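Participant: Let me see the structure of the following:
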Amino acid sequence: MSRELTYIAAIAEAVNDEMTRDETVLYFGQNIATTENDPFLAAFGSDRVRVTPISETAEIGIGVGAAMAGYRPVVELYMAEFMLVAMDQVVNEAPRMHTMSGGRVKVPLVLKAGYGFTAGWAGQHTGSIYGMFLGVPGLKVVLPATPADAKGLLTTAIRDDNPVLYLQHYLLTLETGDVPEGEYAVPFGVAAVSRPGSDVTIVATGWTVHRALAAAARLADEGISAEVIDPRTVNPLDRDTILSSVAKTGRLVLVDQATRHSSVAAVIASEVSEYGFEYLRAPIKHVTALDTTIAYSQPMEAYVVPDEDKIVGAVRQVLALEVAT
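Facilitator: Below you'll find the predicted structure:
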């Protein structure tokens, strides 16, 4: 059974369900339990739900320590950029403990944060900075694009025995969709084929999945069949599903809201070039944010970030490039 929920409500449901199921799950952060009327505080009490000081080093450090002590903390960071203040804990401590202890120490920690662009938030609060975490051994990175995946991937993240970076896009907050009732977990490393197609593969993440689907609908009116793939997790990355699609279509367009040289798109392009070069009938095309800081001005922001028109243009280009060669 499923029913329609918003993206943000599906996330809250996953946290609530896991806290109900497992008493070792904790939930805290700078904007958690700020009043006595907070529903999580009322349901689970101040031993498990707490507001933290305005100190990312403190709240993430507390999370790492609690995880090592046998709890499963979910740290609400609100904005992904806040992790930059505590990079030692995020990159150098939490992900390495399991290996450095010979597998004896587990760090079941979820770092939950918003990311992406939204008009008027300017440079320091509109980043898509997940690219800098993709190469950190031991740290999984999750980018849900739908309410169902928002619930299912967070459930899996909380149950994982090592740290997970769970990133929710600001502009998806009030998007609605069917979400399964009760226990629901989506496995890591399994991409979703959001729309089947035969002429070109479009791989998109997070908010850009919806832009890719809209572009694919427009392209269908031109007789172009685009297959849209949502990796859902970018570490681990489901390379096999992407390669299988490219083997069928022969063309690849990569859509990512991160800047080109710190994007998931760059990693996927490298993987396909190494493991699926023989499938390509045209060069790979990137549709990413430009390599610049997001401006406060909405028209300037729109110029920098990916959109539906840019995706349509990129697909037309890879089809034309094949003809030209």
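Participant: Give me the pLDDT for the residue lying closest to Q89 once chain neighbours are set aside.
Facilitator: Nearest residue to Q89, sequence neighbours excluded (Cβ to Cβ, 6 or more residues apart in numbering): I60, at 4.4 Å. Yep, even glycine has a C-beta here, placed from its N, CA and C like the rest. With respect to pLDDT, I60 has a value of 94.
Participant: Can you give me the buried ones in the helix or strand where I60 lies?
Facilitator: According to DSSP states H and E, I60 maps onto helix 56-68. Across helix 56-68, burial judged by 16 or more other Cβ atoms under 10 Å covers 56, 59-68.
Participant: Now render those as TSV, adding distance to I242.
Facilitator: Shown next, in TSV, are the buried residues of helix 56-68 (distance: Cβ to Cβ, whole Å):
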residue	distance to I242
E56	34
E59	35
I60	32
G61	36
I62	38
G63	32
V64	33
G65	38
A66	36
A67	32
M68	35
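Participant: Quick check: what element follows the host helix or strand of A265 along the chain?
Facilitator: Here A265 sits within helix 264-275, counting by DSSP H and E. Per DSSP H and E, the first helix or strand lying C-terminal to helix 264-275 is strand 285-289.
Participant: Paired strands for that following strand, with orientation please.
Facilitator: strand 252-259 (parallel) (DSSP bridges).
Participant: how big is the angle separating the partner strand from helix 264-275?
Facilitator: In terms of direction (axes from the mean of the first three to the mean of the last three Cα atoms, to 10 degrees), strand 252-259 departs from helix 264-275 by 150 degrees.
Participant: CA atoms only: put strand 252-259 into PDB for me.
Facilitator: Output in PDB follows, covering the C-alpha atoms of strand 252-259 (Å, rounded to 0.1, in the frame of the first residue of the first chain):
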ATOM      1  CA  LEU A 252      25.200   9.600 -23.100                       C
ATOM      2  CA  VAL A 253      24.200  13.000 -21.700                       C
ATOM      3  CA  LEU A 254      25.100  13.700 -18.000                       C
ATOM      4  CA  VAL A 255      23.100  16.100 -16.000                       C
ATOM      5  CA  ASP A 256      24.400  17.400 -12.700                       C
ATOM      6  CA  GLN A 257      23.800  20.600 -10.700                       C
ATOM      7  CA  ALA A 258      27.400  20.600  -9.400                       C
ATOM      8  CA  THR A 259      30.100  22.500 -11.200                       C
END
